[in-house]
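A.B. asks: Following is a predicted model, sequence given first.
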Amino acid sequence: MILSTVIEQLLGGMVTSIEIFLLTLLFSLPLGLLVAGGRMSGFAPIRWLAKVYISIMRGTPLMLQLIVVFFGPYYLFGMSLSSDYRFIAVIIAFTINYAAYFAEIYRGGIESINSGQYEAAQVLGYSKIETFFIIILPQVIKVVLPSITNEVITLVKDTSLSFVIAIPEMFTVAKQIAAADASIAALLVAGIFYYVFNVLVAFVMARIENRLDYYE
């Protein structure tokens, strides 16, 4: 099969991979911040619930989480699910998994901020919510951005795991083409796509990081 035909067949899978990537970030970044707040809560039950959630999400394989999210509603509650739920299950599993990692990254960033920042904000009359979103969060983002970049790059590659519940993302399509043609050309093209995608992500994140170097 000629290269142009391989690329044409892979395009649909590429779009699916990009959709998984973008939707996971859209939902997991804010959810991670919420979980980080629970992890640092002064209310013990919420704090321990957040700790257990993070421990489970980080301590079990993402592939297993995909299977549980997809098959769980049927085996636990006898629910009949439409074919559209496959993609929804992927987004749910990726979101709750990555939110746990982002939560710990956020927590480390928040705890690195000097307590004097909070005291100064209180003296200036800021509420706790205003203090966090106006003063603390911008500094946290600057601190945690390199760590978030690493997770985002990992996410690009992890999108291939959605094959486990038969989502036709790019790697799945590439394997199908390779099996049909007895050739690794499609897999090589897929590898190039992942590499280029990661280079672009790293470039964008580096530009954002440079924009936040406002003291330099």
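C.D. replies: Looks like it arrived, so ask away. Numbers count the residues shown, from 1 in each chain.
A.B. asks: Now the residue nearest the centre of the chain: closest residue in space that isn't a chain neighbour?
C.D. replies: The residue lying closest to the centre of the chain (C-alpha atoms, centre = their mean) is Y98, at 4.3 Å. Using C-beta to C-beta, 6 or more residues apart in numbering and skipping residues adjacent in sequence, the residue nearest Y98 is S28, 4.0 Å away. Quick note: C-beta positions are derived from backbone N, CA and C, even for glycine.
A.B. asks: what number of residues lie near that neighbour?
C.D. replies: S28 has 24 neighbouring residues, counting by other C-beta atoms under 10 Å.
A.B. asks: Buried residues in the helix or strand hosting the residue nearest to the centre of the chain, which are they?
C.D. replies: Taking DSSP states H and E as the definition, one finds Y98 inside helix 85-111. The neighbour-count check on helix 85-111 (16 or more other C-beta atoms under 10 Å) flags 85-87, 89-107, 109-110 as buried.
A.B. asks: Stretch 63-76 too?
C.D. replies: 65-66, 69-70.
A.B. asks: do stretch 186-200 as well
C.D. replies: For stretch 186-200, using 16+ other C-beta under 10 Å, the buried residues are 186, 189-190, 193-194, 197-198.
A.B. asks: Next: stretch 20-38.
C.D. replies: The neighbour-count check on stretch 20-38 (16+ other C-beta under 10 Å) flags 20-21, 23-25, 27-29, 31-33, 35-38 as buried.
A.B. asks: quick one: which of the buried residues of stretch 63-76 is nearest to D213?
C.D. replies: Nearest to D213, judged by C-beta to C-beta, of those is Q65 at 36.0 Å.
A.B. asks: Quick check: longest helix in the chain by residues?
C.D. replies: Criterion DSSP state H: the longest helix present in the chain is helix 3-39.
A.B. asks: chain center to that helix: distance?
C.D. replies: Counting by C-alpha atoms, centre = their mean, to the nearest Å, helix 3-39 is centred 7 Å from the centre of its parent chain.
A.B. asks: Mean pLDDT per helix and strand in the chain: which one sits at the bottom?
C.D. replies: Confidence across the helices and strands of the chain bottoms out at helix 170-181, with a mean of 81, counting by mean pLDDT, DSSP states H and E.
A.B. asks: Tell me the helices and strands packed up against the following helix or strand past that helix.
C.D. replies: The helix or strand immediately downstream of helix 170-181 is helix 185-211, counting by DSSP H and E. Helix 185-211 sits against helix 3-39, helix 137-158, helix 170-181, with contacts defined as 3 or more C-beta pairs under 8 Å, 6 or more residues apart in numbering; DSSP states H and E.
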